[in-house]
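# Quick one, what's the 3D model for this:
(chains A and B)
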Amino acid sequence: MTHAAIGSIAVIFVLILFGVAYYAHLRRKRGSSVVDNAHVYSLALAIYCTSWTYYGSVGRAATSGLDFLAIYLGPTLICFSWWFLLRKIVIISKQQNIGSIADFISSRYGKSTSLGMIVTIFAVLGIVPYIALQLKAIADTFNLLGGFSAEHLAPANHSISSLFHTVDTAFIVALVLSLFCILFGAMRLDSTERNEGLIATIAFESIIKLAAFLAVGIFVTYGLFDGFTDLFGKFLHLYPDKKNLLLIPTSGSGANRWFTMTFMSMMAIMFLPRQFHAMVIENSDHNHIRTAMWAFPAYLFLLNLFVIPIALAGIITFNGDTSMADYYVLNLPLTTGHNALAMLVFIGGFSAASGMVMLESVASATMILNNLVMPIILRFNIKMNDISGLLLNIKRAAIVMVIFLGYFYYRTLGESAALVNIGLISFMAATQFAPPSSAVCIGNALPAKAQPSA
Amino acid sequence: MSEKYTAQQRHQIWLIFFFLGVVMLNFPFLQIFNRVEQFFGIPMLVLYLLVGWPVSIVVIFIFARSISEDNPSGGGENS
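Alright, predicted model coming up:
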């Protein structure tokens, strides 16, 4: 496929996203929200599944076995607690007008300004590699689809050759996503007010990424091979030395690593800034948690159902070469000549990556504005005629800054690390927020009539 | 599970299932299935996780269905 064709389809998809966001915005204005229901809420939580899940899980499964599943089993386990834990967090946040994870943690300590600043700085620094990972995935897949080989996947060679000789793919992606976030994520200043356009887009993208992944999974498992049994049989026959890929590695500290990853993913699903934003800040009715607590793990299960078959199919098809295992999902339909399916996979991966970048940058910009900029303005008692206009522009600048920090991280360090390893850095950062957040939950008693059912 | 369970009982049931889930999806319990022997042509661990995972989702589903809704303003449930 030519870059122009791929670029055009990507632009059409982005225009559809704008359409969805605008429609949700219009419906809200008319007073009939499309976002205000439990299913859209559950789909919005699927923002957890980024390009790390979409491409990286297959890469991990093909190179180190089943330990990638810990990242999805952890959230499934913590979902048991949502009616008690998440519901309490949502109610506390609404009562105290909480706008971000930084507000939430500092609220326990007398709305401490310095604590809010520390949380913001750690949260932003923690998610920069994660944003870089998404930009890397979009740029790599764009170039793979355009016919570049593996050696062209270094960031320096990411230029869209026919159109922009000097501008690389990830830069254009970062620019478009910044524009989208400014339009639909920073329309107002009130950070506790919900961004319906953005959430509608993210729910829509969650449907697209699941549909695309299931399509490629069914194609690989039942089109290229003859079902699960056939795939496992062929794999074990051809690569008996790789049978450890069907196990959880337990050599050395393998069992400890499994437990640690399960625990970190439990904390990440609760405390990554974008998860907190989607689950708590954008929640319109805490009864939606009742549906989300089973619908969200069901989504995770469906998305992971075909990861192992695709990984094994990739190993068999590419004769045991796992150097490009992160992109088996795209390469399998591409090498078998199914370009339309490959395009669908690209759009699915684009959805997974762009949704994450958008929500993460909006959540971070809210934190930067409320916890870094506002205290400085109050401290120095800056007086202006149009302070709200200035603040809104600062929020927009913060969105662009966060996305481009990710871009620069990708340009400088992104070449060396695999998708999953970059993502784990951010999970580690989110896990740091668990102890103070627990303190907020323990320290805040709900009013008697809103006590969780425990 | 239905209205006959009090809030406290429900909390206890949740705790039991949560810890059961943690034990069943961690080592050393997982070691029982961490082998390549096949069952119906599918490796044992893959089969265990592909069956155990939906089972835990069904448990959450049944649990969630047993909870009665709060009123949106944050009122308590009828239990």
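
# Name all residues that make contact with the closest residue to chain A within chain B.
Proximity of chain B to chain A (C-beta to the nearest C-beta) peaks at B:Gly41, 3.3 Å away. C-beta coordinates here come from the backbone N, C-alpha and C atoms, glycine included. Contacts for B:Gly41 (C-beta atoms under 8 Å, 6 or more residues apart in numbering or on different chains) come out as A:Phe228, A:Thr229, A:Phe232, A:Gly233.

# right, and the first one touches A:Phe306 too?
No. With contact defined as C-beta atoms under 8 Å, A:Phe228 does not reach A:Phe306; the gap is 9.4 Å.

# Give me the common contacts of those two.
The contact sets of A:Phe228 and A:Phe306 overlap at A:Thr221 (C-beta under 8 Å, 6+ apart).

# any low-confidence regions in the chain?
Picking chain A for this. Along chain A, segments meeting pLDDT under 70 span A:148-167, A:187-193, A:252, A:414-422, A:444-454.

# meant chain B, my bad for not saying
Residues of chain B meeting the criterion pLDDT under 70: B:1-5, B:69-79.

# which residues are contacting the longest helix that it contains?
Of all the segments of type helix in chain B, defined by DSSP state H, the longest one is helix B:44-65. Residues from elsewhere that reach helix B:44-65 (C-beta under 8 Å, 6+ apart): A:66, A:69, A:73, A:76-77, A:79-80, A:83, A:232, A:246-248, A:290-291, A:293-294, A:297-298, A:301, A:305, A:308, B:1, B:10, B:13-14, B:17, B:21, B:24-25, B:30, B:33-40, B:42.

# Now that helix: buried residues?
Neighbour counts over helix B:44-65 (16 or more other C-beta atoms under 10 Å in any protein chain shown) mark B:44-50, B:52-54, B:56-57, B:59-61, B:63-64 as buried.

# I'd guessed A:Leu85 sits against A:Val440; true?
No. With contact defined as C-beta under 8 Å, A:Leu85 does not count as touching A:Val440 (11.2 Å).

# Next to chain B, which bits of the stretch 1-150 of chain A? Give me the list.
Within the stretch 1-150 of chain A, the positions near chain B by C-beta under 8 Å from any C-beta of the partner chain are A:Leu66, A:Leu69, A:Leu73, A:Thr76, A:Leu77, A:Cys79, A:Phe80, A:Ser81, A:Trp83, A:Phe84, A:Ile91, A:Lys94.

# try 10 Å this time
Within the stretch 1-150 of chain A, the positions near chain B by C-beta under 10 Å from any C-beta of the partner chain are A:65-66, A:69-70, A:72-74, A:76-84, A:87, A:90-91, A:94-95.

# what about the closest residue in space to A:Ala203 that isn't next to it in sequence, distance to chain B?
Sequence neighbours aside, A:Leu43 is the residue nearest to A:Ala203 in space, at 3.8 Å (criterion: C-beta to C-beta, 6 or more residues apart in numbering or on different chains). For A:Leu43, the distance to chain B (C-beta to the nearest C-beta, to the nearest Å) stands at 16 Å.

# How about A:Lys242?
For A:Lys242, the distance to chain B - C-beta to the nearest C-beta - is 11 Å.

# now swap in A:Thr317 and tell me
For A:Thr317, the distance to chain B - C-beta to the nearest C-beta - is 20 Å.

# number of nearby residues for that residue?
Residues near A:Thr317, counting by other C-beta atoms under 10 Å in any protein chain shown, number 17.

# go on, the one 4 residues further on?
A:Asp321 is flanked by 12 other residues according to other C-beta under 10 Å.

# three-state assignment of it?
Three-state assignment for A:Asp321 (DSSP: H, G, I helix; E, B strand; the rest coil): coil.

# Quick check: it touching A:Tyr327?
No. Counting by C-beta atoms under 10 Å, A:Asp321 stays clear of A:Tyr327, with 11.9 Å between them.

# burial of residue 39, as a residue count?
Looking at chain A here, since you left the chain open. 12.

# hmm, I had chain B in mind actually
11.

# Please report the distance of the closest residue to it other than its chain neighbours from A:Leu245.
Distances taken as C-beta to C-beta, 6+ apart place B:Leu47 nearest to B:Phe39, at 5.2 Å, with adjacent residues excluded. Look at B:Leu47 and A:Leu245: by C-beta to C-beta, to the nearest Å, they are 15 Å apart.

# same question, A:Ile121
In terms of C-beta to C-beta, A:Ile121 sits 39 Å off from A:Leu245.

# Check A:Thr113 too.
From A:Thr113 across to A:Leu245, the span is 50 Å (C-beta to C-beta).

# more crowded one of those two?
With neighbours defined as other C-beta under 10 Å, A:Thr113 and A:Leu245 compare such that A:Leu245 has more, 22 against 16.

# residue contacts, the more buried one?
Counting by C-beta atoms under 10 Å, 6 or more residues apart in numbering or on different chains, A:Leu245 touches A:61-66, A:235, A:239, A:308, A:311-312, A:315, A:322, B:36, B:43.
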